[in-house]
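Engineer: Structure for this input, please:
(2 chains)
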Amino acid sequence: MALILLDGLTKRYGSVIALDGLSLAIEPGIVGLVGSNGAGKSTLIKILLGLVDATSGRASVFDLDVRTRGTDIRQFVGYMPEHDALPPDASATDVVSHLAEISGLPAAAARERTAEVLRHVGLYEERYRAIGGYSSGMKQRVKLAQALVHDPRLLLLDEPTNGLDPAGRDEMLDLVRRTGTEFGMTVVVASHLLGEIERVCDFLVAIEAGRLLRAAPLGEFTERTGVLSVEVEERAGDLAAALVAHGLDARAVSPRSVLIALDDERAYDAVRDVVADLGLPLVRLEQRRHRLEDLFRDEPDRETAA
Amino acid sequence: MTGGETASPGAAGQGIGGSIYDLGYRGYAGPRLGRRHAIRALLVQTLRVAYGVGRGGRAKLAPVILGGLATIPAIIGVGVVALARQAGMPPNLEDASPVRHDTYYGLITTLVVLFCAAQVPEILGRDQRHQLLSLYFSRALRREDYALARVAGIILAILVFVLLPQAIIFLGLVLSASDIGAEFGREARLLGPILGQAVVLSVLLGSLSAVVAAFTPRRVYATTAIIVVLAVTPIVGSVLVGLGVTDLARLAVLLSPADILEATNAKLFGTTSSNDLLRAADLPGELYLVGAAVISVVAIALLVRRFRTIAA
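Structural biologist: Coordinates of the predicted model:
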């Protein structure tokens, strides 16, 4: 049974269409929701939470209709919003334990769970200090903690790495990954950065302008977009020619680098053999993925072909 | 995770999916009490914010100073009566004292207005300013629940504010009397009006300041707007009543919360108000009670509507 089921979900803000007849089933797991800014990711999450009403179509979570069973659903859903959502004058402990009670936990359990989730997200002594003095990384952790405190079955994270530096991003993504795998929780991570999402997710949902581009396991996405980039010190042209002779789709993009369409593992063996035969100094061998924009640019052809 | 010091007591950790070194995450299998618990928790938290409980000294400044100002006259008044009684003064002295159950609400109305102006924006504006509403509305709580729990908490906070001095007067007079039983009987007859007026006052001022604060998230504006609505509209009312000869103009007194409260106070305690405006309006006392109820219901309905439609 799908955890989240969307059927012709449409949301209009005046003349702007945020979601355009979205139909989709999301199974348990770690699910990435990708799309550029304004694609409708936040709107979708808010509809699932009952924060926003859909214009038409249906959405259900845990097999319950989001329109009519909002409080029953939300008891088991955690939400980390994209924007700042914390009062600067209160401590992390106060905010999280209060919100745990609002989620229905008894006071004593709320305090216990607060201590536990704040530890899980990596906040220790500073959890008693006012949030106003926190770094953005710490604030993001508190936002994640409040989403986890009532042990939800479904976690909806809207741009969890927003405003973080590269190290903070890595830590947050690691935390999201661990939360999904260790806790056995279904996590939906919305992001406009495909590179981040593919590091944590098993399943990917790509939307653009409120329409579904593709929903598939992560492997299928990377297969499709897989490109092997080979950098050598010299004679990239010779390398490309030799690879083509091996039946690969290769082309030199500069005197020192070759791009190869990566259909299967065979390409790696061919590169190894050819580089050895030609005696070329190999600098780097890297599987490149298309950037998100490339993925989206390719899509319309695919749609019409299908 | 930084190893050992994070080990929590109870040592039940090895349970779900954790390794020996990392106690790991434990699920929550306890009760989920749902909406009713959420509403109660929100109401209690509203009361705590109103009085700055569990927060820094600055948060306590306004409620403590205003609460003190509202309570000290009661303590002094009761003290004077007690001393006079010990000195053998006539027993009807307390009727001459300005510190009486029926006069005290009028005495502290301005302080209640200031308390609302200082604390209600703190309670309702904060959640909007810091976008906390999306964290509330994404939990096992309805938007209406949020609005009603907040306004109920505000009303309770005002009830505490106005009933504390009344309780001091009550206990002070009873305990300082030579015949405690007789004095208690005399005082107990006033319990109805004391509680009734406290409820009317708290609901009217609480719901009005809540609806004003809900529409003005910026703190400064909300504070100003509350003072304008609660303290400046009387001037408009009095001008209209002063000008008016028609019945409709006389009803303009119902625009003024402070005058409504003075009239309901007089009605409930069975006294006559010396307020010129009320005498000019010359309306039956029941009408003020109805007016207070209608205004409160409309204010609370607007408040609920506001939070039903607000973006979160």
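
Engineer: what sits against residue 42?
Structural biologist: This is for chain A. By Cβ atoms under 8 Å, 6 or more residues apart in numbering or on different chains, residue A:42 lies in contact with A:82, A:158, A:190. C-beta here means a position set from N, CA and C on the backbone, and glycine is covered the same way.

Engineer: wait, chain B
Structural biologist: Listed by Cβ under 8 Å, 6+ apart, the contact set of residue B:42 reads A:102, B:136, B:141, B:145, B:146, B:149, B:150, B:153.

Engineer: Secondary structure element for it, which one?
Structural biologist: Using DSSP states H and E, residue B:42 maps to helix B:34-50.

Engineer: right, and the helix or strand after that helix?
Structural biologist: helix B:57-86.

Engineer: And that following helix, what's buried?
Structural biologist: B:59, B:62-63, B:66-67, B:70-71, B:73-74, B:77-78, B:80-82, B:84-85 (16 or more other Cβ atoms under 10 Å in any protein chain shown).

Engineer: what packs against it?
Structural biologist: Packing partners of helix B:57-86 (3 or more Cβ pairs under 8 Å, 6 or more residues apart in numbering or on different chains; DSSP states H and E): helix B:93-96, helix B:101-129, helix B:143-176.

Engineer: any idea of the pLDDT on the residue of the stretch 201-312 of chain B at minimum distance from chain A?
Structural biologist: The stretch 201-312 of chain B approaches chain A most closely through residue B:312 (5.2 Å), counting by Cβ to the nearest Cβ. Here the pLDDT value assigned to residue B:312 is 78.

Engineer: quick check, residue A:229 in a strand?
Structural biologist: Yes. According to DSSP: H, G, I helix; E, B strand; the rest coil, residue A:229 belongs to a strand.

Engineer: Could I get the full set of strands for chain A?
Structural biologist: Ranges of strands in chain A, per DSSP state E, are A:4-13, A:16-26, A:30-34, A:56-61, A:64-65, A:77-80, A:154-158, A:186-191, A:203-208, A:211-217, A:226-232, A:250-254, A:257-261, A:282-289.

Engineer: ok, residues contacting the first one?
Structural biologist: Which is strand A:4-13. The contact list for strand A:4-13 (Cβ under 8 Å, 6+ apart) reads A:17-26, A:40, A:43-44, A:47-48, A:52, A:54-61, A:63, A:154, A:188, A:210.

Engineer: Give the rounded mean pLDDT of stretch A:279-291.
Structural biologist: 75.

Engineer: Spell out which parts of chain B neighbour chain A.
Structural biologist: B:1-2, B:6, B:8, B:17-18, B:24-28, B:30-35, B:37-38, B:41-42, B:45, B:54-56, B:59, B:126, B:130-132, B:134-142, B:312 (Cβ under 8 Å from any Cβ of the partner chain).

Engineer: just to revisit the earlier point, export the strands of chain A to JSON lines and tack on mean neighbour count?
Structural biologist: Shown next, in JSON lines, are these (neighbours: other Cβ atoms under 10 Å in any protein chain shown):
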{"stretch": "strand A:4-13", "mean neighbour count": "18"}
{"stretch": "strand A:16-26", "mean neighbour count": "18"}
{"stretch": "strand A:30-34", "mean neighbour count": "25"}
{"stretch": "strand A:56-61", "mean neighbour count": "18"}
{"stretch": "strand A:64-65", "mean neighbour count": "14"}
{"stretch": "strand A:77-80", "mean neighbour count": "26"}
{"stretch": "strand A:154-158", "mean neighbour count": "24"}
{"stretch": "strand A:186-191", "mean neighbour count": "25"}
{"stretch": "strand A:203-208", "mean neighbour count": "22"}
{"stretch": "strand A:211-217", "mean neighbour count": "17"}
{"stretch": "strand A:226-232", "mean neighbour count": "18"}
{"stretch": "strand A:250-254", "mean neighbour count": "16"}
{"stretch": "strand A:257-261", "mean neighbour count": "20"}
{"stretch": "strand A:282-289", "mean neighbour count": "14"}
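
Engineer: what would those strands look like in a markdown table with distance to residue B:248?
Structural biologist: Shown next, in a markdown table, are these (distance: least, Cβ to Cβ, whole Å):
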| stretch | distance to residue B:248 |
| --- | --- |
| strand A:4-13 | 43 |
| strand A:16-26 | 47 |
| strand A:30-34 | 59 |
| strand A:56-61 | 48 |
| strand A:64-65 | 50 |
| strand A:77-80 | 51 |
| strand A:154-158 | 54 |
| strand A:186-191 | 57 |
| strand A:203-208 | 59 |
| strand A:211-217 | 59 |
| strand A:226-232 | 80 |
| strand A:250-254 | 85 |
| strand A:257-261 | 84 |
| strand A:282-289 | 75 |
